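Chemist: I'd like to go over a predicted model; first the sequence, then the structure.
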Amino acid sequence: MHTKNEYIAVFDSGVGGISVLKELCKLMPQEQYLYFGDSANAPYGAKTTEEVRALTLEAADMLLARDVKALVVACNTATAAAIKDLREKYPDTIIVGIEPAVKLAADRCHGGTIGVMATPVTLREEKFNHLLERFSEEQIISISAPELVSLIEAGATDEAIEAYLQPILSPYKNKLDAVVLGCTHYPFAANVIGKLLNTQILDGGAGTARETKRRLEEAGLLHTGPGEIQMENSSNDPTLLTRAMELLRED
Ligand code: DGL
């Protein structure tokens, strides 16, 4: 039986889901959050779908064995690989995933050219390809930047991120009506991406937070405070938790 003071668990392969946690905190500051980053196993985006599915189920089992009223899968890669399995395994739990915000981009730039940056797993999964079938009037270009998650996990400087992204993104400069950040790590590189592409940047973090609030409200499970954030990480590198807190506070 759920009580109103349980945690909202937020899960990602590493520190990326903090971009979603920020949106959740903005919308529901009175909630208690349990953030778990699986940095010991990041990046997920370069693994096989089966590996990502197994890691996601393992993390969900660990989190849902605790005082948790909802699970936010703040990772596009884990959502693409495992959301169906999670919902089957935990049919009575509120489980919210994240997917590239292509609909938001198509609404804003109807008939335009939209870039989608995401990990290799997200881009090749059926879920994403089904999503694209719904947008025949827009030209959608998938852009893969396989090292970007590792750079962000490692706390790379903007200069290092720019040096890596420059050759990948320069062919698209001034050619996109919008770029969708389809990986929750990428908002932490938004300044660099914006500079290199010169276009509007969209991501699904705020939409995921709104959907989480809607589901909790519907179930009568909103908490009235005080809010709290608990950070956990599978890596035994202590700097990751410090970095997670920095990213959370970063404007
Ligand atoms: N943050 C994850 C996402 O949204 C991916 C990271 C990874 O490759 O581990 O897709």
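Modeler: Arrived safely.
Chemist: the residue nearest to Glu250 when sequence neighbours are not counted: neighbour count?
Modeler: In space, and not counting its chain neighbours, Glu250 is closest to Phe188: 7.7 Å by C-beta to C-beta, 6 or more residues apart in numbering. For glycine as for every other residue, the C-beta is placed from the backbone atoms N, C-alpha and C. Neighbour count of Phe188, defined by other C-beta atoms under 10 Å: 23.
Chemist: show me what from this structure comes close to the ligand.
Modeler: 12-14, 16, 42-45, 75-77, 119, 122, 149, 183-185 (C-beta under 6 Å from any ligand atom).
Chemist: mind listing residues that contact the longest helix along the chain?
Modeler: Taking DSSP state H as the criterion, the chain has its longest helix at helix 49-64. Identification of contacts with helix 49-64 by C-beta atoms under 8 Å, 6 or more residues apart in numbering yields 9, 11, 13, 34, 36, 38, 41, 44, 47, 71, 73, 75, 77-78, 80-82, 85-86, 89-90, 93, 121, 125.
Chemist: can you list the buried residues in that helix?
Modeler: 49, 52-57, 59-60, 63-64 (16 or more other C-beta atoms under 10 Å).
Chemist: going by distance to Pro29, which of these wins?
Modeler: Leu63 (21.2 Å; C-beta to C-beta).
Chemist: the nearest residue to Cys75 once chain neighbours are set aside: neighbour count?
Modeler: Spatial nearest neighbour of Cys75, chain neighbours left out: Asp12 (4.3 Å); criterion: C-beta to C-beta, 6+ apart. Using other C-beta under 10 Å, Asp12 is surrounded by 30 other residues.
Chemist: close enough to count as contact, Asp12 and Cys183?
Modeler: No. Contact criterion C-beta atoms under 8 Å: Asp12 and Cys183 do not qualify, at 9.7 Å.
Chemist: tell me which element Thr77 falls in.
Modeler: helix 76-89 (DSSP states H and E).
Chemist: list of residues touching that helix?
Modeler: With C-beta under 8 Å, 6+ apart, helix 76-89 has contacts from 11-13, 44-45, 49, 52-53, 55-57, 60, 71, 73, 95, 97-100, 118-119, 121-122, 125, 127-128, 182-184, 204.
Chemist: so which bits of it are buried?
Modeler: Buried, per 16+ other C-beta under 10 Å, within helix 76-89: 76-83, 86.
Chemist: cool, and stretch 186-196?
Modeler: Buried residues in stretch 186-196 (16+ other C-beta under 10 Å): 186-189, 192-193, 196.
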